[in-house]
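J.: take this sequence and fold it.
(3 chains)
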Amino acid sequence: MIGHIITIAWKELLHLRKDRFLIPVFVIGGILELSLIAWATGQPIDNIPMAVVDLDQSPQSEALIDALDASDTLTHKQTVSSVDKVYDLMQRNDAVLGVVIPEGYGAAVTAGERPSVRLISNGAEAVQATEAERTAQDIIFRQGMRDAYHMEPADYESELPKVTVKYNEDLKRGWYTLPAESGFIFYIFTVILASLAISRERERGTYEQLLVMPYRSIEVILGKALAPMLVGTSLFLAMMGLTVFAFGVPFRGSFILLLVIALLYLMAEMNKGVLMSIGSRTQLQAMLLVFVLAIVDMIFSGYAVAVDTMPPAIRTLSNFVPIRHWLIIVRGVMLKDVGLSVLWPHVAAILAIGVVYATITASQYRRHTD
Amino acid sequence: MMLAIARKEFIHILRDRGTFLLVTIGPLFLMVIFTYTLTTDVKEAPLAVIDLAHNDASTALIDRLDASPKIHVERHLASADETDNLFKRGEVVAAVVIPADYGQVSLTRVPQVEAIIDGTEPISAETVLTEVYQIADAHSRELAGDALQSDLFEPPIYTTQERLYNDALSSKVDFYPGLMGMMLGLPAIALSLSLARERENGTLEQLMATPIAKRALLLGKLWPYLGFGMVDVYALLALGQWVYDVPFTGNLLAYSLIAFLFMFASLGMGLVVSVIARTQQVAVVIAILVFFIPPFFMSGTFFPVDAMPQLVQLEMMSLPATHFVTAGKAIYLQGTALRELWLQVVLLTVISVEMLEVSTFIFRKKVVGGFRRPAPPVLTTKENALS
Amino acid sequence: METMIELQGLSRRFGTVTALTDIDLTIQKGELFGIVGPDGAGKSTLLRLIAAVLDPSAGTAHIHGFESVREAEQVKHHIGYMPQRFGLYPDLTVAENLDFAAQLFGVKGAQRTERLHRLYEFTNLERFKSRPAGLLSGGMKKKLGLACAMIHHPAILLLDEPTTGVDPVARRNFWDLLSGLHAEGITTVVSTPYMDEAERCNRVAFLFKGRVLACDTPEHIKEKVPGKVVVLETSDNRRAHQLLEDGILILDIQTYGEQLNLVMQSDTPHVLDAIRQRLDGITIHRLEPAPIRMEEAFIYLVNQAEREVLA
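T.: Numbering: from 1, shown residues only, chains lettered A, B, ... in the order given. Have a look, this model is predicted:
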């Protein structure tokens, strides 16, 4: 039995070596994409263009403008003379935030009369606008405390709510996205390889030959699964290495634990790949099927956006997608040092899904054989 | 002759179920899924509260936290010790500790809550953080104002907010026009497959032996996909307008022009992919890498272009999706006039012409190399294989 | 006579593999010219070079007076090419495929109506008009391919193995069509691995391992075989083969299933008796003279070529 499996696995590896296109595209493409995302998510949302209408022209209004400009988040792009000009800029996307300082602002603020500053934000850039509003309000508050009461942050900090962030102290988006992306890359590569395994034989007409050979279906499937597993595991190690050592995402938990779960997870995904392979007539079909499923996975998994923000129906459905559990595990182990005592339901879910796929695969394969 | 190719290609699209779905239902279907799931708007994030005060003030604060649509109080804990565990199990994303003297305001001391946030999911964490902070801050100011009968705790400067185009700052509105660029990549993927399919099926060899001009062949293939793409444009606009409440505020004619140029440019890129790729399999991988992934990450849909380094910004100028997202979004959401967007119009036109020329230049009406491929390793019988 | 196709020193390499070596051929107007050879001999490569969909590595090809590399597009106005693989669209109906071909070659109006009518009549495809081409039988597909290749009344028809994978009845049927075209004076170049089809051409080029072994009328080619063919069936063909191999009278021995074809210098009863003596101890079921066919001629030429290489 082992001999048979190794025979098939070896043949699969030979196919891979012959396929000069697939491996380079995926390895280079994977690394490129990971770097791209590392870089893109490493960028804070900053340099948001701001336009200012200063109807006061007092030392206080100028101090406020300087304070706004001094933040990394906002950049003072333009000073215009009227609110209408701000609207114009917004329409041309030359400004995301408009700050209108009213006449008499300086006098009012020093007298403690609480003047009102008008903020205009460009909702077409909702993400930037949210960030800009938040930053501007904070700076205006501090500037007001300084101008009205001559108080510096240290004087009133204790009277503001205190906020601590854990696990990802600086709220770096990369720490969320990179483990997901590296997981996604090694998963999709493995599934594509697995899905090509049987459709390739069918396309080349060697499938029948495989069926008439004295191999048990479980031997063929395991043999076919072994090669993608090997490739997938090495890719997992490579991607993890990049994520931790090149992109600086901390690894706080047990690596051995993660590796073992990764193997289980790969097995589940691979069964899915082989199943797709059996279900499609050509390699192209198999590949398109993988592509469609990858999109579905990407969405249900919390790969880009937290699952908690999704509608309840989708949250329930997402439990049936192995990558969803994998992402919880990988983030938990890496950032929170979570152990098996917490993760076991997700590990169990991965196992269960894997077994279901395997059962369907084996029965489908046998149906074709009989 | 171009018409003959276009007519034939049109029939192919109609009769091949996969292609037909890809260029008709495909973009709409994906758009529905994406708008459903790719929202960064936080709703009812679970919160733990550790109320050490147990007085009217703390109860009022908890009620107010719970009333926010963004968060809701999931657990009441006796001490802060348990929060770590809850974070690890993902049961709550934030914990608010209300001190024992909460509400006992004096001129020298305003007791404040302490919030601990799980930063694992940074985007939603930031929203939760802001929400908790603002509610707690406002509440303590009110308490102080009431207790001391003074407006001393009011902010020194008020701000009024005015939001243009998207009052709720909903991410859906922000993303929708950008996502359209991604969805409209599907016809280009279908086109990339079509020439490779002809090569694989042997029909290209037959075409090569006819006097058809290369440009007529390539352009003829492009038109039907452009037609379906334009239908997709209007269908997606209708979907946004009536189903997703993303109101179209611009000039439809201007938008049509931009969309037309974008489709032409990306289909032109599809032709280039189609000519380079010798098999459908290769074509589909390249097409996904070119048409689907970059618009997703690069064209300002999720990561603002302003924040990217100059070099990458420059590279992105060569992607039609970048210009489409810029110009299309401006017309769609902001009602920007076309004359403000002349740069995008020019760039899209340049890319279109360039892609058409490149594909015509590199396409050869020759069966170079024949169709022979190295024979696959064939698994022989058990005895042979194991010996 | 007008020369339609002229090939001079034509060679084609694919990487390190040489598919065609130094081909010289001249084909006249009105010929039904056969390119005959086994699989891998270079038949398809040769037809692709003539159809100007492939450029030669060396040498030149002139088709209807146009040079195949520089004037490839002019060549394509004068040829109708039917590749070995079915080159039409399986999802388009018979009528749509023909319409498409007509549009490609700019055949329109009354001319189009008249030609379509004639082609339908000629190929008997009228009743399958609205059937998708992918659902036609192998023979029908080939006929449709032929019809599409002829829609613009090309001066030269290039048909690459038009009868491979077609049942015997349809094969005969297809060759009747070709004979009809020959009678009409259309220049046709057809490749085939079948020797019986070679007999129906007015001239044949034998292609083997990228070289032309012979090019002549079928009659002349058969005359190249020096001597006669004698059919031999015995109880032990292998032993018989060994016993006869170094016989002076025997020029060549070819195996055909249960029978051996002996190419002999003569087939007189006297000679046959000598063979019987030689096969002493083996039961002879059959020993009689037979007419020379293209098959024997081809195998003889191949064996001769290989002997030359060995020598």
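J.: grab the nearest non-local neighbour of A:I120.
T.: Nearest-residue entry for A:I120: A:G98, 3.6 Å, with adjacent residues in sequence omitted and distances by C-beta to C-beta, 6 or more residues apart in numbering or on different chains. Using the backbone N, CA and C atoms, a C-beta is placed for each residue, glycine as well.
J.: does that neighbour count as helix, strand or coil?
T.: Using DSSP: H, G, I helix; E, B strand; the rest coil, the structure places A:G98 in strand.
J.: ok, now which ones touch it?
T.: By C-beta atoms under 8 Å, 6 or more residues apart in numbering or on different chains, A:G98 lies in contact with A:50-53, A:83, A:86, A:89-90, A:118-121.
J.: B:K365 - how many residues pack around it?
T.: Number of residues near B:K365 (other C-beta atoms under 10 Å in any protein chain shown) recorded here: 20.
J.: if I look at it, how far off is chain C?
T.: As judged by C-beta to the nearest C-beta, to the nearest Å, B:K365 and chain C stand 7 Å apart.
J.: can you check the pLDDT for the residue nearest to that residue when sequence neighbours are not counted?
T.: The spatial neighbour of B:K365 that comes closest, neighbours along the chain excluded (C-beta to C-beta, 6+ apart), is B:M208 at 4.5 Å. pLDDT recorded at B:M208 is 91.
J.: could you dump the contacts of A:G98 to a markdown table with neighbour count?
T.: Conversion of those to a markdown table gives the following (neighbours: other C-beta atoms under 10 Å in any protein chain shown):
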| residue | neighbour count |
| --- | --- |
| A:M50 | 25 |
| A:A51 | 24 |
| A:V52 | 21 |
| A:V53 | 21 |
| A:V83 | 15 |
| A:V86 | 26 |
| A:L89 | 21 |
| A:M90 | 25 |
| A:R118 | 17 |
| A:L119 | 20 |
| A:I120 | 24 |
| A:S121 | 27 |
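J.: closest to A:A194 among the residues you listed?
T.: A:S121 (48.2 Å; C-beta to C-beta).
J.: check contacts around the closest one.
T.: A:96-98, A:129, A:132-133, B:161-164, B:169.
J.: nearest spatial neighbour of it, skipping sequence neighbours?
T.: Using C-beta to C-beta, 6+ apart, the nearest residue to A:S121 is A:A129, at 4.1 Å.
J.: wait, isn't that neighbour in contact with A:A95?
T.: No - using C-beta atoms under 8 Å, A:A129 makes no contact with A:A95, being 10.5 Å away.
J.: ranges for the strands of the stretch 1-150 of chain B?
T.: Along the stretch 1-150 of chain B, counting by DSSP state E, counting those that start in this stretch, strands occupy B:45-51, B:71-77, B:94-98, B:114-118.
J.: quick one, domains of chain B?
T.: B:2-37+B:170-362, B:45-148 (automatic domain parsing).
J.: list the contacts for residue 4?
T.: No chain was given, so I picked chain A. Listed by C-beta under 8 Å, 6+ apart, the contact set of A:H4 reads A:215-216, A:219, A:223, B:382.
J.: nope, chain B
T.: Taking C-beta under 8 Å, 6+ apart as the contact definition, B:A4 lies against B:220, C:100, C:103-104.
J.: tell me which element residue 260 falls in.
T.: Just so you know, I chose chain A. A:V260 is part of helix A:255-279 when elements are defined by DSSP states H and E.
J.: try again with chain B
T.: helix B:252-276.
J.: report the buried residues of that helix.
T.: Within helix B:252-276, the residues that count as buried by 16 or more other C-beta atoms under 10 Å in any protein chain shown are B:254-255, B:257-276.
J.: next one: stretch C:240-249
T.: Buried, per 16+ other C-beta under 10 Å, within stretch C:240-249: C:240, C:243-244, C:249.
J.: next, count neighbours for residue 6.
T.: Just so you know, I chose chain A. A:I6: 15 surrounding residues under other C-beta under 10 Å.
J.: try again with chain B
T.: B:A6 has 20 nearby residues by other C-beta under 10 Å.
J.: for C:P289, same thing?
T.: Quick note: C:P289 (other C-beta under 10 Å) scores 16 neighbours.
J.: follow-up on the earlier one: and of the strands of the stretch 1-150 of chain B, who's closest to chain A?
T.: Nearest to chain A among the strands of the stretch 1-150 of chain B is strand B:114-118 (4.5 Å), distances taken as C-beta to the nearest C-beta.
J.: each with direction, which strands does the closest one pair with?
T.: Applying DSSP bridges, strand B:114-118 is found paired with strand A:162-166 (parallel), strand B:94-98 (antiparallel).
J.: check the offset of it from the chain's centre.
T.: Per C-alpha atoms, centre = their mean, to the nearest Å, the displacement of strand B:114-118 from the mean C-alpha position of its chain is 30 Å.
J.: how about that strand: buried residues?
T.: In strand B:114-118, the ones that count as buried by 16+ other C-beta under 10 Å are B:114-118.
J.: show me which residues of the stretch 1-150 of chain C sit near chain B.
T.: By C-beta under 8 Å from any C-beta of the partner chain, the residues of the stretch 1-150 of chain C that approach chain B are C:14, C:19, C:44-45, C:48, C:51-55, C:72-74, C:76-77, C:79, C:81-83, C:85-92, C:96, C:100-101, C:103-106, C:148.
J.: can you select the buried ones from those residues in ChimeraX?
T.: Remark: buried members of the residues of the stretch 1-150 of chain C next to chain B, expressed as a ChimeraX selection using 16+ other C-beta under 10 Å:
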select /C:19,44,45,48,51,52,53,54,55,72,74,76,79,81,82,83,85,86,87,88,89,91,92,96,100,101,103,104,105,148
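J.: pLDDT of stretch A:259-271, averaged?
T.: 89.
J.: identify all contacting residues around that stretch.
T.: A:186-187, A:190-191, A:194, A:225, A:228-229, A:232-233, A:236, A:322-323, A:325-326, A:329, A:333, A:343, A:347, A:350-351, A:353-354, A:357-358, A:361.
J.: count the neighbours of C:D167 for me.
T.: Per other C-beta under 10 Å, the neighbour tally for C:D167 reads 12.
J.: so where's the stretch 201-311 of chain C uncertain?
T.: Filtered on pLDDT under 70, the stretch 201-311 of chain C yields the residue ranges C:311.
J.: how many neighbours does B:S194 have?
T.: 23.
J.: next, the angle from whatever helix or strand it lives in to helix B:252-276.
T.: Assigned by DSSP H and E, B:S194 falls within helix B:185-201. Relative orientation of helix B:185-201 versus helix B:252-276 (axes from the mean of the first three to the mean of the last three C-alpha atoms, to 10 degrees): 30 degrees.
J.: which residue does the stretch 101-250 of chain C bring closest to chain B?
T.: C:Q103 (3.3 Å).
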